[in-house]
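**Student:** Build me a model from this:
(one chain, ligands or ions: 2)
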Amino acid sequence: MVQRETWATRTGFILAAVGSAVGLGNIWRFPFVTGEGGGSAFLLVYLLFVALIGFPAILAEFVVGRKTERNPVGALMELGGNTWKYVGGVFIVTGFVILSYYSVVAGWFIRYFLEGFRGSYGTLLAGHESAAAEAGVPAAAVLFGELSTGLDAFVFHTLFMAVTIGVVALGIRRGIELAVKVMVPAILILLVGMALWAFTLPDAGAGYEYYLSPEFGVIADNWATLLPAAAGQAFFTLSLGMGVMITYASYLGEDRNLTKDGLTIIGFDTGIAFLTGLVVFPVFFAAGITEPGEGGAGAIFVSMTEAFATIGGGHILGLLFFGTVAIAALSSAISLLEVVTAYVIDEKGVERWKAALGMGGIIYLLGVPVTYDLIFLDLLDGFADGILLVFGALMLVILVGWITPKIAIEELEKGIGNLGGLGTAWIWAIRVPILIVLVVTLYLGVEGY
Ligand code: PHE
Ligand code: NA
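**Tutor:** Residues are numbered from 1 along each chain as shown. Ligands and ions are numbered 1, 2, ... in the order given. Purely as a prediction, here's the structure:
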């Protein structure tokens, strides 16, 4: 067998993991599930999930990956025994499901990005005014309807998957690590730059005000839908529950401090979600949109194009915004395809480029129906988040908490030193309270689907 690859540099792993976490989940999915899920109540539960369950869970994935140095199927099998390969199989399936529609949505961002080069978003919308008046909806909604399905969507889904496959085919060092070294800093710089720009817009203050003073008095009237939705978003945004972090940690040649890495990744993911708000809300208010945040997959496209059509410099800001999201989506898509590819390489002995091309090709085909009708987007996204990722997290918690707790603590201590009571506290947290929350959440998710 060929020697298994490892990250070339210390930062390679962390950049790849941050690149995976930061993506459409932060920018596209977050606002609309928050809107649908009940605003500030949703936000609060989501943040609790990220901190109290996301952190212990990311550590669980890390130790499983670094300990076994295998893909999720092989890793779970090695630690849990033969039947666990089916759980690993679910992880792989989850990768297929998520990437299939993720790529279509990423394609929309590329499409909107390119539009910024053709002229202003205002001119673009003006061309849709009459159709919009007839239908009684905003021009930006007509535009989204046009671009989100059909030939445009198909072409950019194709392009996005082709690039994703290309990077993964090149391997860990020459593909993924190189790509994230450029992309992750670029995402950060672009977002900070845009946030500064947004700060100079007229009415930015009103945008901050709206964004930063949530009404935490709002009580969820419906826990049964809130819980799985918030949990799903938390796992989705952190790339947890399907083996990305297992896979990326499996390429760690060295004993790093995994708690530090986990906190870094969660910090970046949450920070970038927050930073995006600092761009989006001033832009909305500068454009006179004072009630942002209707739900739906098109929400961000509709509101943002309307805003970019109105404000000064809107087409450059728009082009930067859509482009940045597309880059963020790419580094996440790469991680999704890497999970599936690593499985085929490790377990089936297939060459990397063939594995990436073959699996990426199947995922690409799965995504095609989404470009035809967005009903598939809702179906796949709801299934992946509300059910598959929660299931995955629950299985990991059972494995690490109940089946291999000793090995897990030992592995976590490598690179840190003796954890004392903290290691045991971690195990007991996932053994009982987290396990119970996940069981309830999964039950509600399945019932509500
Ligand atoms: N975390 C990514 C995002 O927020 C999505 C993702 C989910 C990536 C699951 C990998 C695995 O966009
Ligand atoms: Na994310």
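
**Student:** and this protein, which residues reach ligand 1?
**Tutor:** For the chain, the residues in contact with ligand 1 (C-beta under 6 Å from any ligand atom) are 20-21, 23-26, 98, 236-237, 239, 242, 244, 332, 335-336. All C-beta atoms are positioned from the backbone trio N, CA, C, and that covers glycine.

**Student:** Let's see which of these end up in helices.
**Tutor:** Under the assignment DSSP state H, those contribute S20, A21, L24, I98, F236, T237, V244, S332, S335, L336 to helices.

**Student:** rewinding a little: lowest-confidence one in the residues of the chain next to ligand 1?
**Tutor:** Minimum pLDDT for the residues of the chain next to ligand 1 is recorded at N26 (92).

**Student:** so it touches A273, yeah?
**Tutor:** Yes. Counting by C-beta atoms under 8 Å, A273 is a contact partner of N26 at 4.3 Å.

**Student:** Output the contacting helices and strands for the lowest-mean-pLDDT helix or strand in the chain.
**Tutor:** None of the helices or strands of the chain scores lower by mean pLDDT, DSSP states H and E than helix 30-37, at a mean of 75. With contacts taken as 3 or more C-beta pairs under 8 Å, 6 or more residues apart in numbering; DSSP states H and E, helix 30-37 sits against helix 40-48, helix 223-237, helix 258-286, helix 299-310.

**Student:** Go again with 7 Å.
**Tutor:** Helices and strands touching helix 30-37, by 3 or more C-beta pairs under 7 Å, 6 or more residues apart in numbering; DSSP states H and E, are helix 223-237, helix 299-310.

**Student:** ok, residues contacting that helix?
**Tutor:** For helix 30-37, contacts defined as C-beta atoms under 7 Å, 6 or more residues apart in numbering pick out 42-43, 226, 229-230, 233, 237, 273, 293-297, 299-300.

**Student:** Ok, stretch 300-320 next?
**Tutor:** Contacts of stretch 300-320 (C-beta under 7 Å, 6+ apart): 27-28, 31, 108, 112-113, 116-117, 120-122, 125, 138, 140-141, 143-144, 190, 194, 197, 201, 283-284, 286-289, 292, 321.

**Student:** more neighbours, N26 and A273?
**Tutor:** Each of N26 and A273 has its neighbours counted (other C-beta atoms under 10 Å); N26 has more, 27 against 20.

**Student:** Confirm for me that that one is in contact with G271.
**Tutor:** No. Assessed by C-beta atoms under 7 Å, N26 is found out of contact with G271, at 9.6 Å.

**Student:** Going by neighbour count, list what's buried in whatever helix or strand E411 lives in.
**Tutor:** If you go by DSSP states H and E, E411 is part of helix 405-413. Buried residues in helix 405-413, counting neighbours by 16 or more other C-beta atoms under 10 Å, are found at P405, A408, I409, E411, L412, E413.

**Student:** Show me what the next helix or strand along the chain from that helix is packed up against.
**Tutor:** Counting by DSSP H and E, the element after helix 405-413 in chain order, helix or strand, is helix 421-429. Secondary-structure packing of helix 421-429 (3+ C-beta pairs under 7 Å, 6+ apart): helix 55-68, helix 405-413.

**Student:** Determine the number of other residues adjacent to the residue of the stretch 151-300 of the chain at minimum distance from ligand 1.
**Tutor:** Nearest residue of the stretch 151-300 of the chain to ligand 1, counting by C-beta to the nearest ligand atom: S239, 3.6 Å away. For S239, the neighbour count with other C-beta under 10 Å is 29.

**Student:** that older thread, so which of the residues of the chain next to ligand 1 comes closest to S250?
**Tutor:** V244 (10.7 Å; C-beta to C-beta).

**Student:** Around that closest one, how many other residues sit close by?
**Tutor:** 29.

**Student:** Could you check how far W428 is from I436?
**Tutor:** Distance, W428 to I436, by C-beta to C-beta, to the nearest Å: 12 Å.

**Student:** Looking at those two, which one has more neighbours?
**Tutor:** Ranked by neighbour count (other C-beta under 10 Å), W428 and I436 place W428 first, with 14 against 10.

**Student:** where does S100 land on pLDDT?
**Tutor:** Reading off the model, S100 has pLDDT 98.

**Student:** show me the contacts for it.
**Tutor:** Per C-beta under 7 Å, 6+ apart, neighbours of S100: I363, L366, G367, V370, L380.

**Student:** quick revisit: mind listing what the residue of the stretch 151-300 of the chain closest to ligand 1 touches?
**Tutor:** Residues in contact with S239 (C-beta under 7 Å, 6+ apart) are S20, A21, M245, S332, S335.

**Student:** hmm, stretch 57-70 in reach of ligand 2?
**Tutor:** No. Stretch 57-70 does not reach ligand 2 (C-beta under 5 Å from the ion); its nearest approach is 12.2 Å.

**Student:** Around ligand 2, pick out the residues from the stretch 1-150 of the chain.
**Tutor:** A21, G25, N26.

**Student:** Would you pull up the residue in the stretch 251-400 of the chain closest to ligand 2?
**Tutor:** As assessed by C-beta to the ion, ligand 2 sits closest to D269 within the stretch 251-400 of the chain, at 4.8 Å.

**Student:** For that residue, give me its contacts.
**Tutor:** Applying C-beta under 7 Å, 6+ apart, we find D269 in contact with A21, V22, N26, T237, L238.

**Student:** Just the buried subset of those residues, written out for PyMOL, thanks.
**Tutor:** Command for PyMOL that selects the buried part of the contacts of D269, burial taken from 16+ other C-beta under 10 Å:
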select buried, resi 21+22+26+237+238
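
**Student:** And the pLDDT at the closest residue to F268 other than its chain neighbours?
**Tutor:** In space, and not counting its chain neighbours, F268 is closest to V18: 4.7 Å by C-beta to C-beta, 6 or more residues apart in numbering. Note on V18: pLDDT of 98.

**Student:** The nearest residue to W84 once chain neighbours are set aside is in what secondary structure piece?
**Tutor:** Nearest residue to W84, sequence neighbours excluded (C-beta to C-beta, 6+ apart): L76, at 4.0 Å. Here L76, judged by DSSP H and E, is contained in helix 72-80.

**Student:** what is the orientation angle of that helix with helix 405-413?
**Tutor:** Calculated by axes from the mean of the first three to the mean of the last three C-alpha atoms, to 10 degrees, helix 72-80 forms an angle of 120 degrees with helix 405-413.
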